[in-house]
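Asker: Sequence unavailable; structure follows:
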């Protein structure tokens, strides 16, 4: 994805405010995500990202206990790797996950997970 496409995607994502439609992951139906998250997954080729948010919640007790979560992916473009940081609503790091390979096009992006729903911060 070139710089113009990245800028276009960021602009499109900023247009999502609120959500009238929610989507379920076929394997994890108790978690939902919004229209903005779906747009991100489709346009960044990042449906894998949804699973990285859902799988740890199933396995790590500390994560499951946080009602409000801030998930930030930071991509190392040169190494094609990433780190996903999970924080509570008070900027305290709860967990960190390393992604050994990714083609996620944005250097840094944040999603929120609130009450079983994954959303863009602008959709809150």
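Answerer: Yes, it's here. Keep in mind it's a predicted model, so treat the numbers as computed, not measured.
Asker: What is the neighbour count of residue 37?
Answerer: 26 (other Cβ atoms under 10 Å). From N, CA and C alone the C-beta is placed, and that goes for glycine too.
Asker: actually residue 80, not the one I wrote
Answerer: 13.
Asker: Distance check, it against residue 93.
Answerer: Counting by Cβ to Cβ, to the nearest Å, the separation of residue 80 from residue 93 is 24 Å.
Asker: mind listing what the most centrally placed residue in the chain touches?
Answerer: Per Cα atoms, centre = their mean, the C-alpha nearest to the average position across the chain is that of residue 111, at 4.4 Å. By Cβ atoms under 8 Å, 6 or more residues apart in numbering, residue 111 lies in contact with 37, 53, 70, 71, 72, 118, 119, 120, 121.
Asker: Would you tell me what the next helix or strand after the strand or helix carrying residue 11 is?
Answerer: Using DSSP states H and E, residue 11 sits in helix 3-14. Next helix or strand after helix 3-14 toward the C-terminus (DSSP H and E): strand 22-25.
Asker: Give me the contact list for that next one.
Answerer: Contact with strand 22-25 is made by 31, 32, 33, 34, 35, 37, 38, 50, 51, 54, 117, as judged by Cβ under 8 Å, 6+ apart.
Asker: The first one against residue 118, yeah?
Answerer: Yes - applying Cβ atoms under 8 Å as the test, residue 31 and residue 118 come out as touching, 6.8 Å apart.
Asker: And those two? Which one has more around it.
Answerer: The neighbour count for residue 31 versus residue 118, taken as other Cβ under 10 Å, is higher for residue 118 (28 against 19).
Asker: so what pLDDT did that one get?
Answerer: Listed pLDDT for residue 118 reads 91.
Asker: swap in residue 53?
Answerer: 68.
Asker: Mind listing what's buried along the helix holding residue 11?
Answerer: 9, 13 (16 or more other Cβ atoms under 10 Å).
Asker: and if you look at stretch 86-93?
Answerer: 86, 87, 88.
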